[in-house]
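Engineer: Here is my input; please provide its structure:
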Amino acid sequence: MERIKLENVKNFRDLGGYLTIDNKITNFNKIYRSSLPTYLTDKEIEFFRRNNLTTIIDLRTKEELSKKKNIFSTLKEFNYYNIPLRGGDFPKKEKDIPYGYLDIIDDLDSVNLVFKTIRDSKGSILINCNAGKDRTGVICMLILLLCNVLEDEILVDYQVSYTYLREVIRKMHLDNPKMPKYLGNSKMEYMEDTLKLFNYKYESINKYMSLLGFNKDDMDKIVKKLMD
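Structural biologist: Now for the predicted structure:
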């Protein structure tokens, strides 16, 4: 995993560098994840041009879009897709977080569109939501599972979000002292329990992808986005 330091975007990083079950490493500059990019410098835009970024998948709701615009939606050279996923609301209890993530996974029609967009992309891909932690984290979990990335690596990819967002989250709690302390966190246990719930309900990533309507050829094409 490599963090990409951008001037105005928190939690921007690469899904490259993760170890798989069969001892391979996911490729860099193929799939990125981030919080909402509202502004990029010319130098940063040039970085994405050089690395063949073609596709942006924004997982936010229409209401979220109306409040803040994704900078990539204004840049015609990039293919911008808004595919709203469930999961924009705060959980009422900390123990509900993995079940909230399972609810995102259960949003089969939207997840199907996300993976179709990944499959059909001609270049590198950026996936974002608002903080780049929950909905983005769940989609990245599914991608890494499909690529046979080790569970420990998937947990690392998830839990580092708090580190990169901590200043924003601390300010959020200072401004809203009655807000539950767990909100904004990305504890390893949240994703660990999500994986247990996923495996109990769907048994395997391949069965889940089949349920979404993808055959082996489709799955191989998606895996090649990160492993080729």
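Engineer: Count residues in the vicinity of the residue lying closest to residue 180 once chain neighbours are set aside, would you?
Structural biologist: Leaving aside its sequence neighbours, residue 180 sits nearest to residue 94 (Cβ to Cβ, 6 or more residues apart in numbering; 7.2 Å). From N, CA and C alone the C-beta is placed, and that goes for glycine too. Using other Cβ atoms under 10 Å, residue 94 has 15 neighbouring residues.
Engineer: Residue 193 is in contact with residue 94, correct?
Structural biologist: No. Assessed by Cβ atoms under 8 Å, residue 94 is found out of contact with residue 193, at 10.9 Å.
Engineer: For the residue nearest the centre of the chain, pull up the helix or strand it's in.
Structural biologist: The centroid of the chain falls nearest to residue 136 when counting by Cα atoms, centre = their mean (2.4 Å). Here residue 136 sits within helix 135-146, counting by DSSP states H and E.
Engineer: got it, and residue 173?
Structural biologist: Counting by DSSP H and E, residue 173 is found in helix 151-175.
Engineer: One more: residue 56?
Structural biologist: Using DSSP H and E, residue 56 falls within strand 53-58.
Engineer: List the buried residues of whichever helix or strand comes after that strand.
Structural biologist: Sequence-wise, the next helix or strand downstream of strand 53-58 (DSSP H and E) is helix 62-67. For helix 62-67, the buried set under the neighbour-count rule, 16 or more other Cβ atoms under 10 Å, comprises residue 64.
Engineer: Need the contact partners of helix 62-67.
Structural biologist: If you take Cβ atoms under 8 Å, 6 or more residues apart in numbering as the criterion, helix 62-67 is touched by 58, 82, 84, 88, 130.
Engineer: distance of residue 51 from residue 39?
Structural biologist: Applying Cβ to Cβ, to the nearest Å, the value for residue 51 to residue 39 is 19 Å.
Engineer: So these two - more neighbours on which side?
Structural biologist: A direct count of neighbours by other Cβ under 10 Å for residue 51 and residue 39 places residue 51 higher, at 15 against 11.
Engineer: Could you find the closest non-adjacent residue to that one?
Structural biologist: residue 29 (4.4 Å).
Engineer: where exactly do the helices run in the chain?
Structural biologist: Under the criterion DSSP state H, the chain contains helices at 42-50, 62-67, 97-105, 108-120, 135-146, 151-175, 188-202, 205-212, 216-227.
Engineer: tilt between the first one and strand 53-58?
Structural biologist: Spelled out, that is helix 42-50. With axes from the mean of the first three to the mean of the last three Cα atoms, to 10 degrees defining the directions, helix 42-50 sits at 110 degrees from strand 53-58.
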